[in-house]
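A.B. asks: what's the 3D shape of this:
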Amino acid sequence: MKIRFLGTNGWYDDKSHNTISTLIDVKDCYLILDAGYGITKSIKYLKKDKPIYLFLSHLHLDHIVGLHALPLFHDKNVTIYLPVGMKRYYDILVRAPFTGLGDKFKIKELKPGVYKSPVNFECLFLQHTVPTLGFRFNLEGKVITYCCDTTVCKNDLLLAKNADVLIHECSNKVGTSGGWGHSNPVDVGKLAVRAKVKRLFLTHFAPNVYKKFSDRKWAEKQTKKYFLNTKIASENEVISLPSTKNNYL
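C.D. replies: Numbering: from 1, shown residues only. Next up, the predicted model:
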């Protein structure tokens with residue numbers, strides 16, 4: 001299994017980063033987590049004829065602006081998953097006068113719960129300003145948790161418990177309140193300790209807060225005070241994970 005960070009910004013692109021998107025390549029399929037403009041990079045990595053499952057955590061623009069590039073996937077088998085109740089808004093966004101994607105792609109709504117298809121995963125609502133899902137995937141015996149956007153909360157912890165990899169947003173500065181639905185380095189580090197995860201990757205950086213690479217490294221340093229095995233998610237970085245026989249949620 002390979003995890004590739006395609007976009008690690010929240011809100012908007014800057015000269016070095018695209019808005020949020022992550023590609024997971026497993027034996028039988030591709031998973032794409034969120035469709036910020038980083039998703040445009042994915043097409044060069046989708047070399048095999050495998051189904052593509054696009055999981056949208058929520059419909060804030062920085063997580064869906066890349067949908068406008070989905071014509072790049074015209075010859076692919078794509079299914080889009082989004083939170084329950086959000087399809088009616090999606091249907092508006094992909095039609096005139098906004099764009100013209102229409103009904104080409106299969107759309108499925110997700111309620112909180114455990115699923116066995118298209119892969120083994122669990123999703124729960126997080127603490128954000130709009131309905132937002134976090135995901136816990138069991139892929140080839142590894143648990144990958146993705147929580148973006150959210151304040152650290154109970155469901156955050158449940159999804160992250162004993163995960164092999166936790167991919168978590170880090171929008172705020174240390175000391176900044178998460179009351180508006182985002183997290184800071186200290187809170188995420190403490191979460192990783194409580195959840196007993198193996199590895200933590202910080203993503204979804206606010207570009208007006210983390211203006212330079214050194215700012216992101218500072219966030220990594222602050223998080224490491226609580227959870228040592230922390231890295232910032234770097235765009236186009238590839239994380240390789242060997243398969244194991246375990247198959248648990």
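A.B. asks: export stretch 7-24 to PDB, keeping only CA atoms.
C.D. replies: Extracted C-alpha coordinates of stretch 7-24, given in PDB (Å, rounded to 0.1, in the frame of the first residue of the first chain):
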ATOM      1  CA  GLY A   7      -2.500  18.600  -1.500                       C
ATOM      2  CA  THR A   8      -1.800  19.700   2.100                       C
ATOM      3  CA  ASN A   9      -3.300  23.200   2.300                       C
ATOM      4  CA  GLY A  10      -6.600  24.300   3.600                       C
ATOM      5  CA  TRP A  11      -8.600  27.200   2.100                       C
ATOM      6  CA  TYR A  12      -6.500  28.000  -0.900                       C
ATOM      7  CA  ASP A  13      -3.400  27.100  -2.900                       C
ATOM      8  CA  ASP A  14      -0.100  28.800  -2.600                       C
ATOM      9  CA  LYS A  15       3.000  28.700  -4.700                       C
ATOM     10  CA  SER A  16       4.200  25.500  -3.100                       C
ATOM     11  CA  HIS A  17       1.000  23.700  -2.000                       C
ATOM     12  CA  ASN A  18      -2.400  22.700  -3.300                       C
ATOM     13  CA  THR A  19      -5.600  22.300  -1.400                       C
ATOM     14  CA  ILE A  20      -6.300  19.100   0.400                       C
ATOM     15  CA  SER A  21      -6.200  15.700  -1.300                       C
ATOM     16  CA  THR A  22      -4.600  12.300  -0.400                       C
ATOM     17  CA  LEU A  23      -4.200   9.200  -2.600                       C
ATOM     18  CA  ILE A  24      -4.100   5.700  -1.200                       C
END
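A.B. asks: wouldn't residue 207 be in contact with residue 12 here?
C.D. replies: Yes. Assessed by C-beta atoms under 8 Å, residue 207 is found in contact with residue 12 at 6.2 Å. C-beta coordinates here come from the backbone N, C-alpha and C atoms, glycine included.
A.B. asks: neighbour count winner among the two?
C.D. replies: A count of neighbours by other C-beta atoms under 10 Å puts residue 207 above the other of residue 207 and residue 12, at 19 against 16.
A.B. asks: measure the nearest residue to the more buried one once chain neighbours are set aside to residue 8 for me?
C.D. replies: Of all residues not flanking residue 207 in the chain, residue 14 sits nearest, at 4.7 Å (C-beta to C-beta, 6 or more residues apart in numbering). Here residue 14 is placed at a distance of 10 Å from residue 8 (C-beta to C-beta, to the nearest Å).
A.B. asks: and the residue nearest the centre of the chain, what does it touch?
C.D. replies: In the chain, the centroid-proximal residue (C-alpha atoms, centre = their mean) is residue 33; its distance is 4.4 Å. Going by C-beta atoms under 8 Å, 6 or more residues apart in numbering, residue 33 touches 21, 22, 23, 24, 55, 57, 135, 146, 148, 167.
A.B. asks: and it, how close does it get to residue 15?
C.D. replies: Distance, residue 33 to residue 15, using C-beta to C-beta: 24 Å.
A.B. asks: cool, and residue 146?
C.D. replies: Applying C-beta to C-beta to residue 146 and residue 15 gives a distance of 26 Å.
A.B. asks: quick one: which of the two has more around it?
C.D. replies: residue 146 (29 against 5).
A.B. asks: who does the more buried one form a beta bridge with?
C.D. replies: Under DSSP bridges, the beta-bridge partners of residue 146 are residue 135, residue 167.
A.B. asks: tell me the pLDDT at it?
C.D. replies: As predicted, residue 146 sits at a pLDDT of 99.
A.B. asks: can you pull the contacts of it?
C.D. replies: Contacts of residue 146 (C-beta under 8 Å, 6+ apart): 22, 33, 55, 57, 134, 135, 137, 167.
A.B. asks: give the contact list for the third one.
C.D. replies: The contact partners of residue 55, taken as C-beta under 8 Å, 6+ apart, are 31, 32, 33, 34, 81, 82, 133, 135, 146.
A.B. asks: if anything else comes up later, I'll come back, but that's it for now.
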